[in-house]
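Only the shape, not the letters, is given here:
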C-alpha cells in the first residue's frame, strides 16, 4: 500500500495586512496630533528657578515682544481678551489658562492681560524657562 | 507571415513596499513627536471686584521696580534671593488662604521677566497673588479674596 505524503507547506508569515495596519496607525497619529498653534507667536520666555514641569493647559494666551496679545493662536486685544477666554474655557472642566509673555514686555502691556484673566475667573499657569544656575 | 502578438500584460500596481513606507512614516512620527510639558507655576488670582478699601493690614506687599524689590511696610529694598528667604520665613503654607494674600505691585516700566521671578517666588511660597488695579479715580485697588 502506498502511503500518501502530505504536501510540504511553505513556512511563510502572511504580511498582506501589515500595510493596512501601518496606514491605520498613521491615520491615528494624524488625527490625534494637535499641532502647537502657539509656536507661531515668537517670544522669549522669562527665566526663573521657582517653576516646575506642569501639565499642558488646553487654553493659551501669549503676549509677544511687541506687546501684541494672542488668544488660542489668534490675535486679539486686551479689551476683548476676557470674553475670548471665557468662551474658550466655557466647555472645559478645568479653568486653567497658560500664559506666555515675552521677557522684555513692560508692565503697561502685560498688566491689562493679567487683569482681564482675573476678571474672566480663570486660574493662570505662568510659563517660563527653568533657570539652570542660581540667578 | 504570421505576426506574433504580444501576450497582454496584467496592469498591476506594486504595493509590496507600501507597508515599508508606512512603517517608516510611523517611525518618523514617533521619533519627531514632542510631548510638551511646559515649565511654570500656577498663579492664584482670585476673581473679585477691585476695591480700594479692601486692603487689609495682614496683607504682605511687594513693590517691584526695574532695579529693586521693596518688601513690606518699611519698604526695604532686597534682592530676589532675600525675598525668597523672607517669604519662606513668613510660613504662608501654614496660614489660611485669606492670610496668604500678597500684593504685588509693579511699576509701568518693569520688564516681565522681573515680575515673573517675583510672582513665581510668591507662588512657590504658597502666596495668593493680589493684583493692583488703578481705578478710574486714580486710586490703587487690589483684586483679592483668596481661593478656598
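Structure's in. What do you need? Quick caveat: nothing in here was measured; it's all calculated off a predicted structure.

does the most centrally placed residue in chain B have beta-bridge partners, and which?
What sits nearest the mean C-alpha location of chain B, by CA atoms, centre = their mean, is residue B:40, with 4.6 Å. Beta-bridge partners for residue B:40, by DSSP bridges, are residue A:52, residue A:127.

just for chain A, where's the confidence low?
Scanning chain A for pLDDT under 70 picks out the ranges A:1-2, A:34-39, A:133-135.

hmm, 80 instead?
Where chain A drops to pLDDT under 80, the residues are A:1-16, A:18-19, A:29-30, A:32-42, A:56, A:132-135.

got a pLDDT number for the residue nearest to the centre of chain B?
Per-residue pLDDT puts residue B:40 at 84.

In contact with it: list those residues for me.
Contacts for residue B:40 (CB atoms under 8 Å, 6 or more residues apart in numbering or on different chains) come out as A:51-52, A:54, A:98, A:125-128, B:120. Bear in mind the C-beta positions are built from the backbone N, C-alpha and C, glycine included.

Mind doing that once more with 7 Å?
Applying CB atoms under 7 Å, 6 or more residues apart in numbering or on different chains, we find residue B:40 in contact with A:51, A:54, A:125-128.

Also residue B:65?
Residue B:65 touches B:107, B:110, counting by CB under 7 Å, 6+ apart.

buried residues in stretch A:58-72?
Within stretch A:58-72, the residues scored as buried using 16 or more other CB atoms under 10 Å in any protein chain shown are A:58-64, A:67-72.

What about contact with chain B: does that stretch have any residue there?
No. Using CB under 7 Å from any CB of the partner chain, stretch A:58-72 stays clear of chain B, with a minimum separation of 7.8 Å.

Name the residues that touch that stretch?
Counting by CB under 7 Å, 6+ apart, A:37-38, A:41-43, A:75-78, A:81, A:84-85, A:88-89, A:92, A:97-102, A:104-105, A:109-110, A:113, A:117 sit against stretch A:58-72.

picking that back up, just name the closest of the contacts of residue B:40 to chain B, please.
Chain B lies nearest to residue A:127 out of the contacts of residue B:40, by CB to the nearest CB, at 3.8 Å.

Do I have it right that that closest one meets residue A:98?
Yes. Contact criterion CB atoms under 7 Å: residue A:127 and residue A:98 qualify, at 5.6 Å.
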